[in-house]
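Trainee: predicted model and sequence follow; I will ask about them next.
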Amino acid sequence: MDIFLLAVAVFAPVIFYLIVLISTRRRVNAVGHDLILIPILSAVAMVVGMLLIPDIRDVLSCGSFTAEDISAFVRETTAKTYGGWILVALGTGTFLAALLYAWIMFFRRKDRMYLAIGIAFLGLALLSALMMSLLQTARASSPDARRISTLKQAQLALELYADDNDGMYPIVIDDTTANARWQALRANLTPHYIPDLPDDRCYATAPGRQYDYRSDAAGTAYVLRALLQDPNMIALSINELDGDVLDMWCGEPEKEIEYCLAP
């Protein structure tokens with residue numbers, strides 16, 4: 001695969017120079033306009049390619065995957081991975097070819113148009129790199145972001161439930177496991193107060209990473225908990241509980257993986 005992608009990256013400049021040659025013969029001063037369009041399309045191809053490439057870190061983060069599970073993931077995503085890397089290689093090669101051509105033409109012809117295009121290309125390269133960096137950061141935090149969003153939606157559904165039940169929340173105190181308590185909460189809230197309460201994305205392979213819910217005996221208080229992957233999530237410092245809450249451990253202050261919400 002590495003040799004194939006290298007060939008694509010090397011072949012991309014050839015495609016670019018063919019486009020330049022055709023443009024030059026087709027009409028006078030057409031190259032400048034094509035130079036503006038080609039790198040933009042190349043940058044778009046790189047970003048789309050990165051979006052297509054599955055992030056295996058998101059799979060491995062659950063911590064309970066076997067070698068067979070990882071192999072199955074690779075097999076299922078092979079087509080998307082190849083397609084994504086082909087777009088990245090093609091976009092990168094074409095972009096670098098256009099950038100090099102613009103600067104060479106500036107130094108040869110002293111034409112300020114090529115200077116302006118070259119500077120614009122450098123700015124576009126920096127912007128593309130920033131976008132891909134932000135994309136990787138967003139991918140790394142998205143599982144925890146989904147967990148926090150799920151708890152906040154459950155919290156809203158609990159308030160709707162309380163409005164219809166004299167201020168009382170679902171009473172769930174006797175179930176012995178997090179999954180049993182979460183299923184009990186789901187039975188009380190869906191589908192009337194919320195369409196669905198999904199399981200934690202890691203629950204299928206790591207049952208200890210399920211969402212959790214517990215109320216007091218009177219149904220006047222509750223706590224919701226999710227176990228995060230990144231202890232540095234900034235959301236932990238906003239409306240988040242610590243310590244022991246209704247016999248549920250919510251972690252120590254500052255860095256932790258337990259994210260808890262209460263009324």
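Mentor: Cool, got the structure. This one's a predicted model, so the numbers in the text were calculated from it and none came from an experiment.
Trainee: just give me the longest helix of this structure.
Mentor: helix 112-164 (DSSP state H).
Trainee: what average pLDDT does that helix get?
Mentor: For helix 112-164, mean pLDDT rounds to 78.
Trainee: stretch 185-200 too?
Mentor: Mean predicted lDDT for stretch 185-200 stands at 91.
Trainee: could I get the buried residue list for that stretch?
Mentor: 185-186, 188-189, 193-194, 197, 199-200 (16 or more other Cβ atoms under 10 Å). All C-beta spots, glycine's among them, are computed from the backbone N, C-alpha and C.
Trainee: farthest pair within those?
Mentor: 193 and 200 (19.9 Å; Cβ to Cβ).
Trainee: how is the chain divided into domains?
Mentor: Using automatic domain parsing, the domain ranges for the chain come out as 2-110, 142-261.
Trainee: which stretch in those domains has the least confidence?
Mentor: domain 2-110 has the lowest average pLDDT among those, namely a mean of 63.
Trainee: before we move on, the earlier item: what's the following helix or strand past the longest helix of the chain packed up against?
Mentor: The helix or strand immediately downstream of helix 112-164 is helix 178-189, counting by DSSP states H and E. Applying 3 or more Cβ pairs under 8 Å, 6 or more residues apart in numbering; DSSP states H and E, we find helix 178-189 packed against helix 112-164, strand 212-215.
Trainee: could I get the CA-only coordinates of helix 178-189 as PDB?
Mentor: This file holds the C-alpha atoms of helix 178-189, laid out as PDB (Å, rounded to 0.1, in the frame of the first residue of the first chain):
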ATOM      1  CA  ALA A 178     -24.600  -0.300  36.200                       C
ATOM      2  CA  ASN A 179     -26.200  -1.900  33.200                       C
ATOM      3  CA  ALA A 180     -29.200  -3.100  35.100                       C
ATOM      4  CA  ARG A 181     -29.800   0.400  36.500                       C
ATOM      5  CA  TRP A 182     -29.300   2.000  33.100                       C
ATOM      6  CA  GLN A 183     -31.900  -0.400  31.600                       C
ATOM      7  CA  ALA A 184     -34.300   0.400  34.400                       C
ATOM      8  CA  LEU A 185     -33.900   4.100  33.600                       C
ATOM      9  CA  ARG A 186     -34.400   3.500  29.900                       C
ATOM     10  CA  ALA A 187     -37.700   1.600  30.700                       C
ATOM     11  CA  ASN A 188     -39.000   4.700  32.600                       C
ATOM     12  CA  LEU A 189     -37.900   7.400  30.100                       C
END
